[in-house]
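Enquirer: Structure for this input, please:
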Amino acid sequence: IIMTGCANAQTDLPAEQSPGSSRPDISEPEASIPIPERIETMDALMALVNRNHPAISKPQIVFDDYVHSSPGEPFDIFSYSEGKEYDETAILTAEQAHTDIDILFQALQSTYGPYYHFGGNEVFQKAKDDILTECMAKENLSAGELSTLLIERLAFIRDAHFTVNNTRFSEAMKAHIYNQGSAYLGAGELFVTADGQRVVTSIAGVPPKEMLRLSISSEGEVVYYPVLLLENGVDPEPLEVEYTDDTRETLIPPPWESGYEESEITVELRDRQGIPVLFARNMYFDQAPGGEDGQAFLHYAEQLREAPVSMIDLRSNGGGNGILPLKWLSAFAGGQVTGNHLSIQRWSEEEMLAYGQNTENQHYVPVEEMQQYEGTAPINEQYMKNGDLPDTFVPNDSLLIVLTGKNTASAAEVFVDAVVNVENTLLIGHNTFGMLISNAYTWMVLPESGIAIQLGSDLRVFADGSFEEYVGFSPDLWVSGADAEDLAVKLVQNLMT
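Expert: Now for the predicted structure:
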């Protein structure tokens, strides 16, 4: 799958550049090449970013439209939290396979947050019937064969948290940044080479605005480069650029690098040429037993607030506690910061209260924090809602740079979603993983096969174009995850000195 766009891609374009669908008018004589528009100060860059970020807002929904009655008796998914050890070679009878399939689809119908988002009874019943038909056609089959069959027939579930034996059903979309040839600058509705010598007609046969995204050159200048999103495992092809003087240029991207840090470090405050950089490997449960890393992370929020420029490195952050980002950002900004999505949770108020009062739970979050930072409240006896809080843009004088990458996932994406509601924040790096339509609510083991299923209770709803599962959130400045910190430092040095 080749995509030239991305979630929220148009926010990269300055307001004075009209994103029309046709190619720009390039009928002027060759000599009248327009003057490039350079972003030469941090104030100018942040004026652009601060115009774009508030445009990302919560979706307008009716919560009752997402509520569905669960048939029959409540399903106790936690009674399947443990089971036999999985052995892919173990032989199952058709009846044993039938038992596991019945239990799985009961769990999905009664517990899975996005069940109706992905088609509800009609779609899931057809998948169940197809699986049963194939199983019953065999006298027996292995646990491995059943696992493969589940993955194949449930592939319509585009949820990066949902796994069968730790296997996801889709590949993440990775950004390839073509920064080894010409760099480009805007010039009204046109794009010209950074040296001001040539006007772009097309890139890979499409208008340049469909391919070009704001980036950072190796000298720390704000420029445009082509960005192409491809499924993980698909190699990028060269791109041909056509210019108005009938010349052409072939661009190739450098090898893709994530910027993921292989180390044992959990939380650490570092210094990069006078800029404090806060590294965090997860969004930890700061109130749970052993929550010292989460508490340390929170401690740095007000400290970074006092710095004129600071960074937070989320390139290696796989998520965890979705409340922690909102607590951190609220402490940093000095006012309540909320996210840009809403969620519907297949949880009763009784279950929520029990979870929020179990202080021994390793994932413990106090009820009061759920209510304060997410606005957690019941919709009815079977559903809760989160995120239904005022959509505000919180003033902030200091510059906060957030480094993102393809390993920025789940609760770390809650941070990315919410940070754009704080003034003077700048996202630099790759697009995030795209693991936020649901959560990792529970882990169940099918009793006959030992197949492990991870599924979530939440359905998160985003404004159109702001987020896509496996694609993630877009940065403001697209650079390789591996280069993000170095280029961010160069950007600050270039635009602020």
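Enquirer: Next, the buried residues of the helix or strand containing E249.
Expert: Element membership of E249, judged by DSSP states H and E, is strand 248-251. Burial within strand 248-251, assessed by neighbour count using 16 or more other CB atoms under 10 Å, is assigned to L251. Every C-beta, even on glycine, is put in place using the N, C-alpha and C of the backbone.
Enquirer: For it, name the packing helices and strands.
Expert: Strand 248-251 makes packing contacts with strand 239-243 when contacts are defined by 3 or more CB pairs under 8 Å, 6 or more residues apart in numbering; DSSP states H and E.
Enquirer: rewinding a little: just checking: what are the partner strands of whatever helix or strand comes next after the strand holding E249?
Expert: Using DSSP H and E, the next helix or strand after strand 248-251 towards the C-terminus is strand 267-272. Taking DSSP bridges as the criterion, strand 267-272 sits next to strand 275-280 (antiparallel) in its sheet.
Enquirer: centre of the chain versus the strand it pairs with, how much separation?
Expert: 21 Å (CA atoms, centre = their mean, to the nearest Å).
Enquirer: Please enumerate the helices of the stretch 301-450 of the chain.
Expert: 324-333, 349-355, 367-374, 411-419 (DSSP state H, counting those that start in this stretch).
Enquirer: sorry, back to before: contacts for the strand holding E249, please.
Expert: When contacts are taken as CB atoms under 8 Å, 6 or more residues apart in numbering, the neighbours of strand 248-251 outside the stretch itself are Y178, Q180, G181, S182, P226, P238, L239, E240, V241, E242, Y243.
Enquirer: Mind listing the residues bridging to the last one?
Expert: Residues found in beta-bridge contact with Y243 (criterion: DSSP bridges) are V200.
Enquirer: Can you give me the neighbour number for it?
Expert: As a burial measure, Y243 scores 18 neighbours (other CB atoms under 10 Å).
Enquirer: cool, and the third one?
Expert: The number of residues packed near G181 is 17, by other CB under 10 Å.
Enquirer: do the second one as well
Expert: The criterion is other CB under 10 Å. On that basis, Q180 has 10 neighbouring residues.
Enquirer: Wasn't it part of a helix?
Expert: No. Using DSSP: H, G, I helix; E, B strand; the rest coil, the assignment for Q180 is coil, not a helix.
Enquirer: coming back round to it: name every strand pairing with the strand holding E249 and say which way it goes.
Expert: Strand pairing for strand 248-251, determined by DSSP bridges: strand 239-243 (antiparallel).
Enquirer: And the contacts of the partner strand?
Expert: Residues lying outside strand 239-243 but in contact with it, judged by CB under 8 Å, 6+ apart, are 178, 181-182, 193, 198-205, 211, 226, 228, 248-252.
Enquirer: which ones are touching the closest residue to N361 other than its chain neighbours?
Expert: Distance criterion CB to CB, 6 or more residues apart in numbering; nearest residue to N361, sequence neighbours excluded, is A288 at 6.4 Å. By CB under 8 Å, 6+ apart, the contact list for A288 reads G294, T359, N361, Q362, H363, Y364, V365.
Enquirer: repeat for W347
Expert: Residues touching W347, when contacts are defined by CB under 8 Å, 6+ apart, comprise Y383, M384, S457.
Enquirer: ok, the first one to I344 distance?
Expert: Read that as Y383. Distance of Y383 to I344, given as CB to CB, to the nearest Å: 6 Å.
Enquirer: Determine the longest strand present in the protein.
Expert: Criterion DSSP state E: the longest strand present in the chain is strand 222-231.
Enquirer: what is the mean pLDDT for that strand?
Expert: Averaging pLDDT along strand 222-231 gives 98.
Enquirer: go on, stretch 143-159?
Expert: Stretch 143-159 shows an average pLDDT of 97 in the prediction.
Enquirer: Just the buried positions in that stretch, please.
Expert: Taking 16+ other CB under 10 Å as the neighbour-count basis, stretch 143-159 is seen to contain the buried residues 143-151, 153-154, 157-159.
Enquirer: Can you name the residues in contact with it?
Expert: Applying CB under 8 Å, 6+ apart, the contact partners of stretch 143-159 are 86-92, 97, 100, 104, 114, 118-119, 123, 127, 130-131, 134-135, 164-165, 167, 169-170, 437-438, 449-451, 456, 469-470.
Enquirer: Can you give me the distance of the residue lying closest to E381 once chain neighbours are set aside to A155?
Expert: Leaving aside its chain neighbours, E381 sits nearest to S348 (5.9 Å; criterion: CB to CB, 6+ apart). As for S348, its distance to A155 is 31 Å (criterion: CB to CB).
Enquirer: which of the helices of the stretch 301-450 of the chain is buried the deepest?
Expert: helix 411-419 (a mean of 26; mean count of other CB atoms under 10 Å).
Enquirer: May I see the buried residues of the longest strand of the chain?
Expert: Neighbour counts using 16+ other CB under 10 Å place V222, V223, Y224, Y225, P226, V227, L228, L229, L230 of strand 222-231 among the buried residues.
Enquirer: Same check on stretch 86-94?
Expert: Under the neighbour-count criterion of 16+ other CB under 10 Å, stretch 86-94 has Y86, A90, L92 buried.
Enquirer: got it, and stretch 232-240?
Expert: Residues of stretch 232-240 classed as buried under the neighbour-count rule (16+ other CB under 10 Å) are P236, L239.
Enquirer: Please apply the same query to stretch 194-202.
Expert: In stretch 194-202, the ones that count as buried by 16+ other CB under 10 Å are A194, R198, V199, V200, T201, S202.
Enquirer: How about stretch 156-170?
Expert: Of the residues in stretch 156-170, those buried by neighbour count under the rule 16+ other CB under 10 Å are I157, R158, D159, A160, H161, F162, T163, V164, N165, R168, F169, S170.
Enquirer: do the same with stretch 297-312
Expert: Residues of stretch 297-312 classed as buried by neighbour count (16+ other CB under 10 Å): F297, L298, Y300, A301, L304, R305, V309, S310, M311, I312.
Enquirer: who touches the first one in this structure?
Expert: In this structure, F297 makes contact with V267, L278, A280, M283, Y284, D286, L324, W328, judged by CB under 8 Å, 6+ apart.
Enquirer: Swap in 6 Å and give it another go.
Expert: For F297, the set of contacting residues under the criterion of CB atoms under 6 Å, 6 or more residues apart in numbering consists of V267, A280.
Enquirer: Got the phi and psi for it?
Expert: Phi and psi for F297, reported as degrees, to the nearest 10, are phi -60, psi -50.
Enquirer: Show the end-to-end separation of stretch 184-201, please.
Expert: Start to finish, the residues bounding stretch 184-201 are 12 Å apart (CA to CA, to the nearest Å).
Enquirer: Now do the same for I451: its pLDDT.
Expert: Predicted confidence (pLDDT) at I451: the value is 98.
Enquirer: again with E37
Expert: E37 is assigned a predicted lDDT (pLDDT) of 95.
Enquirer: just A31 next, same as before
Expert: A31 is assigned a predicted lDDT (pLDDT) of 53.
Enquirer: The chain should start at 241 in everything you say after this.
Expert: With 241 as the first residue, the last one maps to A271.
Enquirer: ok, S697 touching Y681?
Expert: Yes. Counting by CB atoms under 6 Å, S697 touches Y681, with 3.9 Å between them.
Enquirer: Between the two, point out the one with more neighbours.
Expert: Under the criterion of other CB under 10 Å, the comparison of S697 against Y681 puts S697 first, with 22 against 18.
Enquirer: So which bits of the helix or strand containing T373 are buried?
Expert: Using DSSP H and E, T373 maps to helix 360-376. By neighbour count, and taking 16+ other CB under 10 Å as the criterion, the buried residues in helix 360-376 are F364, A367, K368, I371, L372, E374, C375.
Enquirer: Now name the helix or strand holding Q694.
Expert: Element membership of Q694 [criterion: DSSP H and E] is strand 692-695.
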